[in-house]
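**Q** Quick check, what structure comes out for this input:
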Amino acid sequence: MALEAGSDPVDAAVAGVVLLEDDPRFNAGTGSCVRLDGESIQMDASVMRSDGKFGAVAGIERVKNPVRVARAVMDSPHLLLQGDGATRFARTLGMTDYDPATAESLRRSHEQQALLLSQDAPLEWKSFDWRAHWNFDSPVPETLRADTNAHDTVGVADYLLERR
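**A** Numbers count the residues shown, from 1 in each chain. This next block holds a predicted model:
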């Protein structure tokens, strides 16, 4: 619909991703996976045009629509903003503080952590000493859980056909 109305194809694609980020069933924006600490959510988003112009954010926190921030980065001199810098940039755009956690994403996080502490941990985690590489301020939780298969993301692509 946005394209039919004459919108920029990138803006139409961003609008499509915003719909997905606003839907808590997806691991993007609202509903994003909670990290292993059981508390924090860090999100990534990128936007690219067919001519190679690019903008992205990584490790952004407490923003409702990371893709909108990535779109704004594309219009700046930057290519990628990360962590606190990305979140501060979002605030300069007028994006308010937003907690993307949902009851379901917290439940999945707690299940994941419980799985990592159990004998049924996935082979990839059994062969990696994740406790020795714990990089959160809080100690390794004793009882937390999350879904090991909930690591997907969303994407929207728009292809333009030239009229002859």
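**Q** Quick one: distance of the worst-scoring helix or strand of the chain on mean pLDDT to the chain centre.
**A** None of the helices or strands of the chain scores lower by mean pLDDT, DSSP states H and E than helix 123-126, at a mean of 80. Remark: helix 123-126 is offset 24 Å from the chain centroid, using CA atoms, centre = their mean, to the nearest Å.
**Q** Grab the longest helix from this protein for me.
**A** Determined from DSSP state H, the single longest helix within the chain is helix 103-117.
**Q** Mind giving me the packing neighbours of that helix?
**A** For helix 103-117, there is no helix or strand it packs on, judged by 3 or more CB pairs under 8 Å, 6 or more residues apart in numbering; DSSP states H and E. For glycine as for every other residue, the C-beta is placed from the backbone atoms N, C-alpha and C.
**Q** quick check: mean pLDDT across it?
**A** Mean per-residue pLDDT for helix 103-117: 86.
**Q** Just the buried residues of that helix, please?
**A** 105-106, 108-117 (16 or more other CB atoms under 10 Å).
**Q** Work out which residue lies at the spatial centre of the protein.
**A** Met43 (2.9 Å; CA atoms, centre = their mean).
**Q** measure it to Glu104 for me?
**A** 16 Å (CB to CB, to the nearest Å).
**Q** would you list every one of the helices in this protein?
**A** Applying DSSP H to the chain gives helices spanning 9-21, 66-74, 83-92, 103-117, 123-126.
**Q** Show me the contact partners of the shortest one.
**A** Read it as helix 123-126. With contacts defined as CB atoms under 8 Å, 6 or more residues apart in numbering, helix 123-126 is touched by Leu116.
**Q** Output that helix as CSV - backbone C-alpha positions only.
**A** Taking C-alpha atoms only, helix 123-126 is exported to CSV below (Å, rounded to 0.1, in the frame of the first residue of the first chain):
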residue,chain,number,x,y,z
LEU,A,123,25.5,-29.9,22.3
GLU,A,124,26.8,-26.4,21.2
TRP,A,125,26.4,-25.2,24.8
LYS,A,126,27.7,-28.4,26.4
